[in-house]
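Enquirer: Fold the stuff below for me.
(one chain, ligands or ions: 1)
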Amino acid sequence: MIRLDTENLEIGLSEKAREQISSLLFKLLSDEFVTYVKARNYHWNVVGPHFKELHEFFQKIYEELNDEIDEIAERIRTLGIKVPANMKNFLNETNLTETDEFLSDKEMLKSLLTDYESTIRNIREYIPIASQNKDEGTVNFLSGLIEKKEKTAWMIRATIEK
Ligand SMILES: [Fe+2]
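Expert: Residues are numbered from 1 along each chain as shown. This next block holds a predicted model:
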């Protein structure tokens, strides 16, 4: 369990609720960081006849993840919890696994799709927990995020099947 530094807030959410939700949000943040590094790797290392297209596609993905990472971390801060961000904590808390450093273009896409689908399934489990804790702000935030990630997962899937 990650160590949290919690502030006192009077927004109608107990410290326990805010900590439980922030732990889940930190897991999500960790998943997004792992996927972010993969997308960067793939942007740099992709080769082959689809280079230009995939190089740009991977950039689009890491830029999107970059924005999401900031939003997730700031949601944790909004709940009055400091973000325990370091690489060790990210690797401890992520649900995802690292892949080989050097993959083929198809393996790169499959790896991203696996990560996206896994993250989407996790978010789907986090939403009812936020809801049980009456944290409508997080429910709303995660609902928007899941929709966005489902769309990107579709685009990755469509690129693989091309
Ligand atoms: Fe670049």
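Enquirer: Quick one: mean pLDDT for the helix or strand residue 65 falls within?
Expert: Residue 65 is part of helix 51-78, with elements assigned from DSSP states H and E. In this model, helix 51-78 carries a mean pLDDT of 98.
Enquirer: Centre of the chain to it, how far?
Expert: Relative to its parent chain, helix 51-78 has a centroid offset of 9 Å by C-alpha atoms, centre = their mean, to the nearest Å.
Enquirer: Enumerate every residue touching the residue most central in space within the chain.
Expert: The residue lying closest to the centre of the chain (C-alpha atoms, centre = their mean) is residue 32, at 2.8 Å. Each residue near residue 32 by C-beta atoms under 8 Å, 6 or more residues apart in numbering is listed here: 65, 68-69, 72, 119. All C-beta spots, glycine's among them, are computed from the backbone N, C-alpha and C.
Enquirer: Is it possible to get JSON lines of these that adds distance to residue 87?
Expert: Formatted as JSON lines, the contacts of residue 32 follow (distance: C-beta to C-beta, whole Å):
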{"residue": "65", "distance to residue 87": "16"}
{"residue": "68", "distance to residue 87": "18"}
{"residue": "69", "distance to residue 87": "13"}
{"residue": "72", "distance to residue 87": "16"}
{"residue": "119", "distance to residue 87": "18"}
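Enquirer: show me the contacts for residue 85.
Expert: By C-beta under 8 Å, 6+ apart, residue 85 lies in contact with 29, 73.
Enquirer: let's have the chain start at 465 instead
Expert: New numbering, starting at 465: the last item is residue 549.
Enquirer: Next, give phi and psi for it.
Expert: phi -80, psi 110 (degrees, to the nearest 10).
Enquirer: Check which helices and strands the helix or strand where residue 554 lies sits against.
Expert: If you go by DSSP H and E, residue 554 is part of helix 551-557. Contacts defined by 3 or more C-beta pairs under 8 Å, 6 or more residues apart in numbering; DSSP states H and E place helix 551-557 against helix 479-509.
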